[in-house]
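J.: can't give you the sequence, but here's the structure:
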């Protein structure tokens, strides 16, 4: 058998390199750490009787331009195989016979990102054992509701996760419940870990704190897997369905929205960067038309506002007067007078309203052509939400408050919504949100990915939104993406022509800046 018979239909990149026929997952240990490797490729042949391995090595010392010999050990669990590397000069026909067992030698493997992109998509070089050795949460005082999570592996890879709200409780739950599970798990087995953690908490309820903590861990595990394989998460999911980028809409909040921050002035900042006070712009006395023009100048063609909320807070959302409706319609009039139908407008209801006032609001808005009504009512009762849907021509969106796919399934069975929304760092991480998006697609519905919280949520959402074929939109808050996100993480979130691309680096493609971790208002809690 020669090199040509091992190609498996792939093309050689250079004469020195050999392509792969892959059968199963191969665990490879590279015993030399001082060289920058080119790439390594292996052809495997099933062999049922003999338990030995023929190995050859191919190592490219790129800095020095010469071949370097090093030891490589390989094993494939549960089956016996021959592993044969055919090499080009000057190492052709050199091989090393390795007898089993040698599993103890498999702890030093390093998978390097310098590997060829073409071949890397064909074979996964994996260490036999990967362990979590570090778990810590990170908080920044000005953004007190956000908990960042870092998981560190024994090879030094750091996976980043995030969730929102009750930061002390999040740290406690991750430390007491999830960390012991992490320390005894292979972090690459994400689905298995997710199921184990979910089942571990179901006996006392897992739709709030438990699910948010699991979400943060899940995102960090996907980050680890992507970094180890040298691929961004959107590629691990199966590639992009939205090569031109993910359509976005702007939630018109301001820099301090949802955080412990002082009140800020009522002004739209139209600079390329800076503190955007979008919330104040559509409040009474503001100019929502100016806000809409500012967004269109950035290429953003959809916006979300919630002008009826303050009336609901006065009476638990049980009634709304016609005078209050007229007052709540003012920003809608301003937008339509300023830019006409160039700007799509979404109404946010935050689940505040009972059925009767929700119907009244929906009816009053129809002349202004809202593109979506989001969470006018709580999603707790899909049957009553279905009544609202049947009474309006405006599509109903539900809901970031649904914490897993089982709750979404109840909503879909009741015909209670037209578009599904999910929050990746609240509702089970990438693992669960992917299933939620697939469920929406099965029902011929679009999916929106929620982010009004933090940069890791947005990054993780963009990976999934880029992959999903039924992505409707990605929520962003420009006051955040052009504000504190730039302070904390090393990836800029850029809108071009109303769309945003997912990060391109391996894994999540986003990391906390070292200088952010040195801030005086940063608190780090080591859980391991």
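T.: Alright, I've got the coordinates. All figures in this text were calculated on a predicted structure; none of them were measured in a lab.
J.: what sits up against stretch 423-431?
T.: Stretch 423-431 is touched from outside by 161-164, 190-191, 194, 198, 211-212, 214-219, 221-222, 233, 237, 400, 402-405, 433, 436, 449-451, 453-454, 456-457, 460-461, 463-464, with contacts defined as C-beta atoms under 8 Å, 6 or more residues apart in numbering. Yep, even glycine has a C-beta here, placed from its N, CA and C like the rest.
J.: if you set the cut-off to 7 Å instead, what comes out?
T.: Stretch 423-431 is contacted from outside by 162-164, 190-191, 194, 211-212, 214-216, 218-219, 222, 233, 400, 402-404, 433, 436, 449-450, 456-457, 460-461, 464, using C-beta atoms under 7 Å, 6 or more residues apart in numbering.
J.: where does the stretch 251-400 of the chain dip in pLDDT?
T.: By pLDDT under 70, the weakly predicted segments of the stretch 251-400 of the chain are 260-275.
J.: tell me where it has helices.
T.: Here the stretch 251-400 of the chain has its helices, by DSSP state H, counting those that start in this stretch, at 278-281, 288-297, 309-315, 322-328, 330-339, 355-365, 382-390.
J.: what would these look like in JSON lines with distance to residue 471 and mean neighbour count?
T.: Output for the helices of the stretch 251-400 of the chain, formatted as JSON lines (distance: least, C-beta to C-beta, whole Å; neighbours: other C-beta atoms under 10 Å):
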{"stretch": "helix 278-281", "distance to residue 471": "23", "mean neighbour count": "24"}
{"stretch": "helix 288-297", "distance to residue 471": "20", "mean neighbour count": "21"}
{"stretch": "helix 309-315", "distance to residue 471": "27", "mean neighbour count": "15"}
{"stretch": "helix 322-328", "distance to residue 471": "30", "mean neighbour count": "15"}
{"stretch": "helix 330-339", "distance to residue 471": "25", "mean neighbour count": "19"}
{"stretch": "helix 355-365", "distance to residue 471": "25", "mean neighbour count": "19"}
{"stretch": "helix 382-390", "distance to residue 471": "22", "mean neighbour count": "18"}
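J.: out of those helices, which gets nearest to residue 202?
T.: With C-beta to C-beta as the measure, helix 382-390 is the member of the helices of the stretch 251-400 of the chain nearest residue 202 (21.2 Å).
J.: relative to helix 355-365, how tilted is the closest one?
T.: Counting by axes from the mean of the first three to the mean of the last three C-alpha atoms, to 10 degrees, helix 382-390 lies at 20 degrees to helix 355-365.
J.: which strands and helices sit next to helix 382-390?
T.: Where contact means 3 or more C-beta pairs under 7 Å, 6 or more residues apart in numbering; DSSP states H and E, helix 382-390 is packed against helix 355-365, strand 396-398.
J.: now those as a markdown table including distance to residue 297?
T.: Shown next, in a markdown table, are these (distance: least, C-beta to C-beta, whole Å):
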| stretch | distance to residue 297 |
| --- | --- |
| helix 355-365 | 25 |
| strand 396-398 | 26 |
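J.: nearest to residue 521 among those would be which one?
T.: That would be, of the helices and strands packed on helix 382-390 and by C-beta to C-beta, strand 396-398, which comes in at 35.4 Å.
J.: tell me which other helices or strands the closest one touches.
T.: strand 372-374, helix 382-390, strand 419-422.
J.: so where's the stretch 51-200 of the chain uncertain?
T.: Short version for the stretch 51-200 of the chain, where the test is pLDDT under 70: 51-128.
J.: before we move on, the earlier item: out of the contacts of stretch 423-431, list just those in strands.
T.: 162-164, 449 (DSSP state E).
J.: excluding chain neighbours, what is closest to residue 249?
T.: Nearest residue to residue 249 in three dimensions, chain neighbours excluded: residue 302, at 3.5 Å (C-beta to C-beta, 6 or more residues apart in numbering).
J.: re earlier: let's have the helices of the stretch 251-400 of the chain in JSON lines, adding distance to residue 206.
T.: Shown next, in JSON lines, are these (distance: least, C-beta to C-beta, whole Å):
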{"stretch": "helix 278-281", "distance to residue 206": "33"}
{"stretch": "helix 288-297", "distance to residue 206": "38"}
{"stretch": "helix 309-315", "distance to residue 206": "29"}
{"stretch": "helix 322-328", "distance to residue 206": "37"}
{"stretch": "helix 330-339", "distance to residue 206": "39"}
{"stretch": "helix 355-365", "distance to residue 206": "29"}
{"stretch": "helix 382-390", "distance to residue 206": "20"}
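J.: nearest to residue 132, out of these?
T.: helix 382-390 (38.5 Å).
J.: roughly how far out does the closest one sit from the chain middle?
T.: 30 Å (C-alpha atoms, centre = their mean, to the nearest Å).
J.: so what touches it?
T.: So helix 382-390 is contacted by 355, 358-359, 362, 376-377, 379, 396, 398, 410-411, 414-417 (C-beta under 7 Å, 6+ apart).
J.: weed out the non-buried ones from those.
T.: The neighbour-count criterion (16 or more other C-beta atoms under 10 Å) marks 355, 358-359, 362, 376-377, 379, 396, 398, 411, 414, 416-417 among these as buried.
J.: which ones are touching the residue most central in space within the chain?
T.: Centrality entry for the chain: nearest residue to the mean C-alpha point is residue 460, 1.4 Å, by C-alpha atoms, centre = their mean. Contact analysis of residue 460 by C-beta under 7 Å, 6+ apart lists 219, 424-425, 430, 508.
J.: break down the stretch 151-300 of the chain into its strands, ranges please.
T.: Secondary structure of the stretch 151-300 of the chain (DSSP state E, counting those that start in this stretch): strands at 158-164, 246-251.
J.: ok, which of those comes nearest residue 498?
T.: Using C-beta to C-beta, the strands of the stretch 151-300 of the chain put strand 246-251 closest to residue 498, at 6.0 Å.
J.: for residue 150, grab phi and psi.
T.: The phi/psi pair for residue 150 (degrees, to the nearest 10) reads phi -120, psi 130.
J.: my guess is it meets residue 158, correct?
T.: Yes - here residue 150 reaches residue 158: they are 5.5 Å apart, a contact under C-beta atoms under 7 Å.
J.: who has more neighbours, the two?
T.: residue 150 (21 against 17; other C-beta atoms under 10 Å).
J.: so what's residue 133 closest to, chain neighbours aside?
T.: Per C-beta to C-beta, 6+ apart, closest to residue 133 is residue 154, 5.0 Å.
J.: these two touch, right, that neighbour and residue 134?
T.: No - counting by C-beta under 7 Å, residue 154 does not reach residue 134; the two are 9.2 Å apart.
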